[in-house]
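Participant: Provide a 3D model corresponding to the input given below.
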Amino acid sequence: MAASSTSSQPQPERYDVIIIGTGQSGGPLATAFGAAGRKTAIVEREHVGGTCINVGCTPTKTMVASARVAYLARRGADYGVQTGPIEIDMTTVRRRKRDIVESFRSGSEHRLRDSENVTLLMGEASFVDAHTLDVSFPDAPPQRITAPTIIINTGCRPAVPPIPGLQSVPTLNSTTIMELDRVPSRLIVLGGGYIALEFGQMFRRFGARVTLIERGPQLLSRDDEDIAAEVERILREDGVEVLLQTKTVRIEPGQSGTEEAIHVVAQGPEGERTLAGSHLLVATGRTPNTERLNVSAAGLATDPRGYIRVNERLETNVPGVYALGDVNGGPAFTHISYDDYRILQANLIHNEHRTTAGRLVPSVVYIDPQLGHVGLSEREAKAQGKHVRVAKMPMSYVARALETDEPRGVMKALVDPETDQILGVTILGAEGGEIMSMLEIAMMGKLPYTALRDAIFAHPTFAESLNNLFSSFEE
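Facilitator: Below is the predicted model:
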C-alpha cells in the first residue's frame, strides 16, 4: 500500500528557478531569469509588487502629498494668497491613492505575465524540503514545484506588540490606516519611528488631533540626538503631541464610536495618565513573513525574530537558497531590496562576484520637511572610535529655503579630517532627500568636501547651500 501511494504521488513541476514573493527583488529577478532562458516560477500570495507598491512607499507618499497640499492651503495667507476654510475629503484622498497603486500593481503583473519563460502562480508557498515547495491556491488544488535555485522575497508586515488589552479595541496599522474614509478626531500613535512620524504628521495635517507615544528618550532612536530633537520640535510646531520616555501600560475600550472610543493608559516621567482617542495606530515595528513558509523543513537558519540569515552574497545556510529584501533582516528599504536583485542577477546570471559589503544605504523619512540620510551618523562614528569633523548649518541660512518660506530643519555632514572625504550626511529640510542624494553621488565619486565647498552652483537653488554647509565646521 505504501509503495502504491508513493507511486501515485504526482511528480513536482520542475523549474530552473523558483522565486517566492513579487517585491522589488522578486519581480525583476523573475524577468531577468526568464530573459536568460531559465524556466522560472514566481509565487505571490496576495498582490504583485510587494510592500512598496501595495502598502508601503507608493500609497503612503501619495497620501503625504495630499496632506502637504492641505498644509500649504492653510498657509496660503503666509504667501499673500487668501483661501477659505479647508475641508478634507478622505474618500477622494483614498481613491487617488488606490488608483496609483492599481496602476503600478497592474503594470508589474502584466510584465511578469508577458515575460518569456516566467510562470506567475497566485498562491502561497511553503517548503517541503530545501528545494521543493507546495503552493496552495484559494480556488484550485495545491501544486508541488521544485528547483535547484530558490529565492525568498516575502518581506515583512506590521508587528503586534504584547500590550495588555490591545486585542480589546479596534486598531490600525500602516496598511489599514490608509483605508479610512474619514479623518479621525483623535488619533493616538504608538511608536516613534519612520511610520509613526509620517502618519502622525499626515493625519495632523488632515485635521486630526494626534498624540505620539514613544517609550525611548527620543524619536527616531537610531538618529543623532540633535536631529531627533529638531524633528520633535517640527512635529510639535505642527500641533502633534509628543510623549517621550512613555510606556504603554494597557489599552482599555471606551465609548464606541466617540472621540473616547479607546483609552491608552501610559506611564511617563510625570506618572500615569489615561489618553482617550477615537483611533489607535500601532506603529511599533515590523516582523518577517517567514512563519508560514515552513523554513524548518528546508533547514534554513533564522535569527530569534524570524529573519532569514544570509551572508554578503545573500546566500542562506542552504546551498542554492537565497533571501532578499526585508525578510533577510537587512536595511528595510525598497532601494536596498532592488540592489539585492542586482547582486543576484550579476552573480547567478552573469557569473560575477558582487556582495553587499561597503554599499551606501541612503534613506528618506517623508515627514515634511524631509529627513534624508546616507553614510555614518555622528553617533555611529563615535561608536566606531572615528575622529570626524562635523559641519552643521540650519536651513534658515539657505536663501532658497527663505524664499520659499520653508526654513525649518538642519543640514549636517561628517568629514574625515585626514582625507577630507565625506563620511555621512543628514539633511532635515525642504527636499532633504534630493540634497542628500547629491551628497551621496559625491561620496560614491570620492570627492573631497572641498570640491562642494568651492563649486559653482546655480543661484538660488538648494544645491548652493553646500557651499556654506562645508564652510560651517564645528571646532
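Participant: pLDDT below threshold where in this structure?
Facilitator: Low-confidence segments of the chain, defined by pLDDT under 70, span residues 1-9.
Participant: Try it again at 80.
Facilitator: Across the chain, the stretches falling below the confidence threshold (pLDDT under 80) are 1-10, 475.
Participant: Where do the domain boundaries of it fall?
Facilitator: The chain resolves into domains spanning 10-158+287-349, 166-284, 369-469 when parsed by automatic domain parsing.
Participant: And for residue 109, nearest residue in space, chain neighbours not counted?
Facilitator: Spatial nearest neighbour of residue 109, excluding adjacent residues (C-beta to C-beta, 6 or more residues apart in numbering): residue 48 at 4.1 Å. Every residue, glycine included, has its C-beta placed from N, CA and C.
Participant: what do you get for residue 215?
Facilitator: Taking C-beta to C-beta, 6+ apart as the measure, residue 215 lies nearest to residue 247, with 5.0 Å between them; neighbours along the chain are not counted.
Participant: try residue 466
Facilitator: The spatial neighbour of residue 466 that comes closest, neighbours along the chain excluded (C-beta to C-beta, 6+ apart), is residue 452 at 4.5 Å.
Participant: Then residue 14?
Facilitator: residue 146 (5.7 Å).
Participant: Okay, the closest residue to residue 458 other than its chain neighbours and residue 248: tell me how far apart.
Facilitator: Spatial nearest neighbour of residue 458, excluding adjacent residues (C-beta to C-beta, 6+ apart): residue 464 at 7.0 Å. When C-beta to C-beta, to the nearest Å is the yardstick, residue 464 and residue 248 sit 45 Å from each other.
Participant: With residue 165 as the reference, measure out to the residue nearest to the spatial centre of the chain.
Facilitator: Residue closest to the average C-alpha location in the chain (C-alpha atoms, centre = their mean): residue 333, at 4.9 Å. When C-beta to C-beta is the yardstick, residue 333 and residue 165 sit 33 Å from each other.
Participant: How are the helices of this structure distributed by residue range?
Facilitator: 2-8, 26-35, 50-55, 57-74, 90-114, 194-206, 225-237, 295-298, 334-344, 378-383, 399-403, 432-444, 449-453, 465-469 (DSSP state H).
Participant: I'd like these written out as JSON lines, with distance to residue 284 added.
Facilitator: Shown next, in JSON lines, are the helices of the chain (distance: least, C-beta to C-beta, whole Å):
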{"stretch": "helix 2-8", "distance to residue 284": "48"}
{"stretch": "helix 26-35", "distance to residue 284": "27"}
{"stretch": "helix 50-55", "distance to residue 284": "17"}
{"stretch": "helix 57-74", "distance to residue 284": "17"}
{"stretch": "helix 90-114", "distance to residue 284": "23"}
{"stretch": "helix 194-206", "distance to residue 284": "8"}
{"stretch": "helix 225-237", "distance to residue 284": "17"}
{"stretch": "helix 295-298", "distance to residue 284": "24"}
{"stretch": "helix 334-344", "distance to residue 284": "21"}
{"stretch": "helix 378-383", "distance to residue 284": "22"}
{"stretch": "helix 399-403", "distance to residue 284": "33"}
{"stretch": "helix 432-444", "distance to residue 284": "25"}
{"stretch": "helix 449-453", "distance to residue 284": "38"}
{"stretch": "helix 465-469", "distance to residue 284": "35"}
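Participant: could those go into a markdown table alongside distance to residue 169 and mean neighbour count?
Facilitator: Compiled in a markdown table, the helices of the chain are given as follows (distance: least, C-beta to C-beta, whole Å; neighbours: other C-beta atoms under 10 Å):
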| stretch | distance to residue 169 | mean neighbour count |
| --- | --- | --- |
| helix 2-8 | 50 | 7 |
| helix 26-35 | 35 | 23 |
| helix 50-55 | 22 | 24 |
| helix 57-74 | 24 | 18 |
| helix 90-114 | 21 | 15 |
| helix 194-206 | 18 | 25 |
| helix 225-237 | 25 | 18 |
| helix 295-298 | 33 | 17 |
| helix 334-344 | 32 | 21 |
| helix 378-383 | 36 | 16 |
| helix 399-403 | 42 | 16 |
| helix 432-444 | 35 | 19 |
| helix 449-453 | 51 | 17 |
| helix 465-469 | 46 | 21 |
